[in-house]
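*Asks:* how would this look folded up:
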Amino acid sequence: AKRESSGRSGTPSSKWVPSESARPGGRGTGALGAVGPRVLSLGLLGALILFAVLGNACVIAAIALERSLQTVANYLIGSLAVTDLMVSVLVLPMAAMCDLFIALDVLCCTSSILHLCAIALDRYWAITDPIDYVNKRTPRRAAALISLTWLIGFLISIPPMLGWRTPEDRSDPNACTISKDPGYTIYSTFGAFYIPLLLMLVLYGRIFKAARFRIRKTVRKADKKQPPLSQGGALRQRGPPAGRRRLGRRLGPELREVTPSNSAKSLMLPLPNHPLPDAASPAPERKNEAKSAEAKRKMALARERKTVKTLGIIMGTFILCWLPFFIVALVLPFCEVGCSMPAWLGAVINWLGYSNSLLNPVIYAYFNKDFQSAFQKIVRCKFCLP
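*Replies:* Predicted coordinates:
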């Protein structure tokens, strides 16, 4: 019998394909009727693998060839691209080799998810402790984070090969399944997804709060600097009459406003001899200041909206790709008798998780202007020139 790679597990990559009786149409489906969908699905999956390989390979090449991209933050993105490239190159084509496929599948997909946590942690430290983290953000620290992600992935993927499985896992010679052991299911799903998901939600929530605080602080500063305007649009005059001004405000080349903190009254000096504009008339310089303050306010608010959008894309994509799979992976081993799922739905859920390896380079690299510049050089073969 031809070996069919299928499975049902509590890991981010082992696959569950329902029995033949659960398939729409069952064994009675005609061969000709199945040709069209099969060709279409093979074409779509082949395109997914191809673009995932090309996308992640471009990210790796950009970091390797462009010196300006060789930073600690980009090392994490580069390592993420390596794991996603391994998912695309090693996991998918080797699905026929059951044990090796399952181990590589779990290792690479788990490590890919944990890399997203490492990137979130790096960004959290960079935003909440920018001064001290500049010195702490070393290649050694990045190497430690990368090693930790692979170590955790290894610890989650190896136990089934060492015996943490049920006797039924290899009872069907035509099915390649990972451990259905309830203990391993909980261990693997929580270690590979649910705990990283919770960590990412907490980190990106705090990143958003810190970014919003800084942005709104900038807005408040801009509001304080904005001079008050009268109802007619002219600037209101504050302070002493037109004949006197406080020392220190730049009324002339030598004068500044000085208000001693230990004095109840300000030091008053006569104005220079040249006339000043009427108090009720618009002051062009202050009007420019007002426009500049308003522009800063709009820019700050735009940055806040962009922050919300970026974090929403990051978390939304991750949850959309992996949550359906891990819900199925956690529930199915505990309701084996009463649970069934159409084959097409199982395939969609499985490949939805795999598609995260296609979307990661788009989210974390292709939206970055430095990476865009490096990609343009790669396309134009500028790195190939001596």
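*Asks:* what's the first helix or strand after the strand or helix carrying residue 45?
*Replies:* For residue 45, the host element (DSSP states H and E) is helix 31-65. Following helix 31-65 in sequence order, the next helix or strand is helix 72-86 (DSSP H and E).
*Asks:* residue 321 against residue 350, yeah?
*Replies:* No: between residue 321 and residue 350 there is no contact under Cβ atoms under 8 Å: 10.9 Å. Just so you know, the C-beta spots here come from the backbone N, C-alpha and C atoms, and that holds for glycine as well.
*Asks:* for residue 88, give me its contacts.
*Replies:* By Cβ atoms under 8 Å, 6 or more residues apart in numbering, the contact set of residue 88 is 49, 52, 53, 56, 357.
*Asks:* among the residues you listed, which one has the lowest pLDDT?
*Replies:* Across the contacts of residue 88, the smallest pLDDT goes to residue 49, namely 81.
*Asks:* separation between that one and residue 85?
*Replies:* Distance, residue 49 to residue 85, by Cβ to Cβ, to the nearest Å: 11 Å.
*Asks:* how about residue 313?
*Replies:* Look at residue 313 and residue 85: by Cβ to Cβ, they are 22 Å apart.
*Asks:* the two: which has the busier surroundings?
*Replies:* Set side by side, residue 313 and residue 85 show more neighbours around residue 85, with 22 against 14, by other Cβ atoms under 10 Å.
*Asks:* hang on, residue 359 packs against residue 317?
*Replies:* Yes: at 5.4 Å, residue 359 and residue 317 qualify as touching, with contact defined as Cβ under 8 Å.
*Asks:* pull the number of nearby residues for residue 337.
*Replies:* 5.
*Asks:* helix, strand, or coil at it?
*Replies:* Taking DSSP: H, G, I helix; E, B strand; the rest coil as the rule, one finds residue 337 in the coil state.
*Asks:* what's the answer for the one 4 residues further on, then?
*Replies:* When classified by three-state DSSP, residue 341 comes out as coil.
*Asks:* on the pLDDT front, check it for me.
*Replies:* Here the pLDDT value assigned to residue 341 is 79.
*Asks:* these two touch, right, it and residue 328?
*Replies:* Yes: here residue 341 reaches residue 328: they are 7.2 Å apart, a contact under Cβ under 8 Å.
*Asks:* give me the more crowded residue out of the two.
*Replies:* Per other Cβ under 10 Å, whichever of residue 341 and residue 328 has more neighbours is residue 328, with 20 against 15.
*Asks:* all helices of the protein, in order?
*Replies:* 31-65, 72-86, 98-128, 130-136, 139-157, 182-189, 195-225, 284-331, 343-354, 356-361, 369-379 (DSSP state H).
*Asks:* out of the contacts of residue 88, flag the one nearest to residue 71.
*Replies:* Proximity of those to residue 71 (Cβ to Cβ) peaks at residue 56, which lies at 18.5 Å.
*Asks:* what about the closest one, distance to residue 74?
*Replies:* In this view, residue 56 and residue 74 are 14 Å apart by Cβ to Cβ.
*Asks:* those two: who's more crowded?
*Replies:* It is residue 56, of residue 56 and residue 74, that has more neighbours when counted by other Cβ under 10 Å, with 26 against 23.
*Asks:* can you pull the contacts of that one?
*Replies:* Per Cβ under 8 Å, 6+ apart, neighbours of residue 56: 81, 82, 84, 85, 88, 357, 360, 361.
*Asks:* go again with 6 Å.
*Replies:* 81, 84, 85, 361 (Cβ atoms under 6 Å, 6 or more residues apart in numbering).
*Asks:* which residue packs closest to the third one, ignoring adjacent ones?
*Replies:* With Cβ to Cβ, 6 or more residues apart in numbering as the measure, residue 56 is the residue that lies nearest to residue 85, at 4.1 Å, once sequence neighbours are left out.
*Asks:* any idea how far the one you found is from residue 328?
*Replies:* 26 Å.
*Asks:* residue 298: neighbour count?
*Replies:* Neighbour count of residue 298, defined by other Cβ under 10 Å: 12.
*Asks:* check it and give its pLDDT.
*Replies:* Looking at residue 298, the pLDDT reads 70.
*Asks:* next one: residue 9
*Replies:* pLDDT, read off for residue 9, is 41.
*Asks:* for the one 4 residues further on, same thing?
*Replies:* Residue 13 is assigned a pLDDT of 42 by the prediction.
*Asks:* please tell me how far the nearest residue to residue 138 once chain neighbours are set aside sits from residue 146.
*Replies:* Leaving aside its sequence neighbours, residue 138 sits nearest to residue 72 (Cβ to Cβ, 6+ apart; 6.6 Å). The gap separating residue 72 from residue 146 is 11 Å, by Cβ to Cβ.
*Asks:* higher neighbour count, the two?
*Replies:* A direct count of neighbours by other Cβ under 10 Å for residue 72 and residue 146 places residue 146 higher, at 21 against 18.
*Asks:* looks like the more buried one contacts residue 81 (just checking).
*Replies:* No: with contact defined as Cβ atoms under 6 Å, residue 146 and residue 81 do not form a contacting pair (11.9 Å).
*Asks:* and residue 53, how many neighbours?
*Replies:* When counting by other Cβ under 10 Å, one arrives at 18 neighbours for residue 53.
*Asks:* between which two of the contacts of residue 88 is the distance greatest?
*Replies:* Greatest spacing in the contacts of residue 88, by Cβ to Cβ: 49 and 56 (11.1 Å).
*Asks:* per-residue confidence for residue 148?
*Replies:* 92.
*Asks:* tell me, how many residues neighbour it?
*Replies:* Around residue 148 there are 13 other residues, counting by other Cβ under 10 Å.
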